[in-house]
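Student: what's the 3D shape of this:
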Amino acid sequence: MKKIIILLFGIAVTISSYAQPTLSDNHTPVPVPPPLPRDTTRYPPDTTKKCISKLVSFSLPCCISATTDVASIAKVTFSNKACPAPAVTYTPATLSPISTKGVDEQRVMAEAGDVKLFSSVSVVNESVVEGAGQLSLGPVKDLKTKADNLLKALTAAPCAPSGSLIPSGSASYSFSNICCKTAPCVKYVPKYAVALTWGYGMTCHFPIFGVPWFVSLDAVLSANTSLAVSLTYQDGCTPSQACADINGGITIGGGVGGTLLGGLGSAELQLTGSGSLSGNWCVYPEVKTPTGNFTFGAVQVQGSISTGWGLISHTVSFTLFSGFSASF
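Tutor: Numbers count the residues shown, from 1 in each chain. Below you'll find the model as predicted:
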């Protein structure tokens, strides 16, 4: 009996839940229609998801050596390549060498959204000079000795040179930092500036015998030689040898006075001659003794003489010295 009562109560509750509610005035309200289904043709459901990509890495090259926009050298990666990359700002946006520093380590921040990353780069000022000094001229003095010995060979003319071959000028070195693409990217390299000149002069008085039509000739010979070495060199990222070319020349001139055989006639004669020196001098990575070649041409008496009270003219070309060449 108890079970039947409970069952009837449950049926009554169920029926009452589906019954139309009654207003306070005992009228039944208008039933509310159920909501219409969504028109998925005109209003398709939003199934898209927001695409997010974040900055995950930021790096700079090892070094730079000029004023540079960071954006042009920065390397950045993002978490999702399929999504649009967010805008990245850099602080500072531009890097420049410091006027008083050969190398300056500068730090940059890259910022994209809520992500901030940092990287550093060596900013090199290649014009800052350090460790300047004078290059040893010991090898150049060796060149002086060799050149002196070569010029003294003119005693075969016969003429004994005088004077000395003393260099003037300067040969200096310094160091600076440069930026390279290969490791180590910042290198401390030497610079060389060589500007040397030599001047050599000699004057010789000597008699000349054996020239046709002359009992003897008195010659006054003047010779001048000049040498120059010029080099501007800076070692680069790939080491190389620094060598300078040596160039020089010798000119000889002079007059000849003579007594024509028998005392009749006149002479217009000149001494002529020339020489050259070429060589090579390496100063880096090791300072070496200059090497080269010295060539001296023939020394001649050239001109004309007149005999028979000027009625007969003779051309004179007489070699006093045939010349020589030598290496040093």
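Student: helices or strands next to the host helix or strand of residue 106 in the packing?
Tutor: For residue 106, the host element (DSSP states H and E) is strand 103-112. Judged by 3 or more Cβ pairs under 8 Å, 6 or more residues apart in numbering; DSSP states H and E, strand 103-112 is in contact with strand 55-59, strand 89-91, strand 115-124. (Each C-beta comes from the backbone N, C-alpha and C, glycine too.)
Student: Mind putting those into JSON lines with mean pLDDT?
Tutor: What follows is the helices and strands packed on strand 103-112, written out as JSON lines (pLDDT from 0 to 100):
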{"stretch": "strand 55-59", "mean pLDDT": "96"}
{"stretch": "strand 89-91", "mean pLDDT": "97"}
{"stretch": "strand 115-124", "mean pLDDT": "96"}
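Student: what does stretch 238-246 contact?
Tutor: 143, 192, 194, 227-231, 233, 235, 277-285, 290, 292 (Cβ atoms under 8 Å, 6 or more residues apart in numbering).
Student: Filter those down to the ones in strands?
Tutor: 192, 194, 227-231, 233, 277-284, 292 (DSSP state E).
Student: Contacts only, for residue 119.
Tutor: 58-60, 74, 107-108, 110 are the contacts of residue 119 under Cβ under 8 Å, 6+ apart.
Student: for the residue nearest to it when sequence neighbours are not counted, what are its contacts?
Tutor: Once flanking residues are discounted, residue 119 sits nearest to residue 60: 4.6 Å by Cβ to Cβ, 6 or more residues apart in numbering. Residues near residue 60 by Cβ under 8 Å, 6+ apart: 70, 73-75, 108, 119-121.
Student: And for residue 188?
Tutor: Per Cβ under 8 Å, 6+ apart, neighbours of residue 188: 175-177.
Student: Helix or strand: which one has it?
Tutor: strand 186-208.
Student: quick revisit: which of the contacts of stretch 238-246 count as buried?
Tutor: The neighbour-count test (16 or more other Cβ atoms under 10 Å) marks 143, 192, 194, 227-229, 231, 233, 235, 277, 279, 281-284, 290, 292 as buried among these.
Student: In which helix or strand does residue 126 reside?
Tutor: Counting by DSSP H and E, residue 126 is part of no helix or strand.
Student: What's the local residue count around it?
Tutor: Using other Cβ atoms under 10 Å, residue 126 has 17 neighbouring residues.
Student: Equivalent analysis for residue 179, please.
Tutor: Residue 179 has 22 neighbours, counted by other Cβ under 10 Å.
Student: cool, and residue 316?
Tutor: 21.
Student: What residue spans form the domains of this structure?
Tutor: 55-124, 147-166+195-230+243-327 (automatic domain parsing).
Student: Okay, buried residues for the strand holding residue 106 please.
Tutor: Buried, per 16+ other Cβ under 10 Å, within strand 103-112: 103, 106, 108, 110-112.
Student: cool, and stretch 285-304?
Tutor: Here stretch 285-304 shows 287, 290, 292, 294, 296-297, 299-301, 303 as buried, counting by 16+ other Cβ under 10 Å.
Student: Using a markdown table, please lay out those together with pLDDT and distance to residue 51.
Tutor: Conversion of these to a markdown table gives the following (pLDDT from 0 to 100; distance: Cβ to Cβ, whole Å):
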| residue | pLDDT | distance to residue 51 |
| --- | --- | --- |
| 287 | 74 | 66 |
| 290 | 78 | 72 |
| 292 | 81 | 73 |
| 294 | 76 | 80 |
| 296 | 75 | 86 |
| 297 | 79 | 86 |
| 299 | 77 | 93 |
| 300 | 79 | 94 |
| 301 | 76 | 99 |
| 303 | 75 | 100 |
